[in-house]
Each structure stands twice: as structure tokens, then as C-alpha cells.
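Visitor: Below: sequence and its predicted model.
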Amino acid sequence: MKRALFPGSFDPFHNGHLEVVERASALFDEFVVAAMRNPQKAGPLFTLEERMALIAASLSHLGNVRVTALSGLVVDLAREVEANVIVRGLRAVSDFEIELQMAQMNRQLSGIDTLFVPTSSERSFLSSKLIREVSAYGGDVSGMVPVMVAKALPGAGKV
């Protein structure tokens, strides 16, 4: 069985993430999306449990996808879920430098390869950080996130 792991903080999960999951999950028998707490990022908008619920609701149309939590090394979870590959999304060339370094470290630690999936150009500007900022100031991000996420964002009464 071919199984992939797609880790990320997903705070919030947006349409760029959705595109990567939809496209990459079609390549595997099972696709595991792992939401994690990222200690390098400021306080989260949503709790880990809220993010997992929003991701699961956003991906309910995909029968081979499941959502889990990640609290340690990606390679440890990859081994635990028996993933054959780690999937990472790329928005722009600037993402590649750090993603390549992480992929090489993960390969060194575990032997697991990373598959890079670029987002389409119409979603290449999306980032969870920008969506949080725009939403916090009352901007309409409803076209940038799945419906369930839009409803959960601050100022959701406008959606």
C-alpha cells in the first residue's frame, strides 16, 4: 500500500493546502494529513483540535484521506503511520530552499523521500499568516479558504 504523509501547522487550512491534498492524494492509496503545533510560530489562531476538525471537514469528500496530530519529528510520525513518502507543497521558488533542506534532513534521518507538489499560480500567494492577518482586520478571505474554515475565522459573520 502506498501511503503519504502531509505535515503542516495549517493555521488556518487554506485552499492552497486543499489543492495539494486533492492532487497528491490521488497518487496514493492512503493520504495522512498531520496538523502540528509549530513552536517557531506565534500563538495559534485555532487549537490543534480545532484545526484537525476543520481539516477533516474540508477533506470529507476524499475517501482515502485521514487527519492526525503531530507533536514530534515528522519522520517519527511517518514511520508510525507507515508512510512511503512525505508530501510538501510549494508556492514559490523561495519555499524550495527551506523545503529542500528539510527533505534532505528527513531522508538522512529515515530514508523517506519527499514529494514536492507546487500549487497553481492562482493560489501561490496564499499563506496561513496572510489569511490570519487579513481576517483579523475584517478582510474577506472566504474565497481563499474552505467554507468551514471561513465560518470559523474571526469576523465570520461577514461570510
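Guide: On my side now, so go ahead.
Visitor: C-alpha from now on. contacts and neighbour counts both.
Guide: Noted.
Visitor: which residues in this protein form strands?
Guide: Here the chain has its strands, by DSSP state E, at 3-8, 30-36, 65-70, 85-90, 113-118.
Visitor: Contact partners for residue 37?
Guide: For residue 37, the contacting residues are 9, 48, 70-71, by CA atoms under 8 Å, 6 or more residues apart in numbering.
Visitor: oh, I was asking about residue 5
Guide: Residue 5 sits next to 31-34, 78, 83, 85-87 when contact means CA under 8 Å, 6+ apart.
Visitor: any idea which of these has the most stuff around it?
Guide: Greatest neighbour count in the contacts of residue 5, by other CA atoms under 10 Å, goes to residue 31: 28 neighbours.
Visitor: Kindly provide the distance from that residue to residue 9.
Guide: 17 Å (CA to CA, to the nearest Å).
Visitor: now residue 72
Guide: 12 Å.
Visitor: quick one on the thing from earlier: put together CSV for the contacts of residue 5, with pLDDT on each row.
Guide: Listed next are the contacts of residue 5 as CSV, based on pLDDT from 0 to 100:
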residue, pLDDT
31, 98
32, 98
33, 98
34, 98
78, 97
83, 97
85, 98
86, 98
87, 98
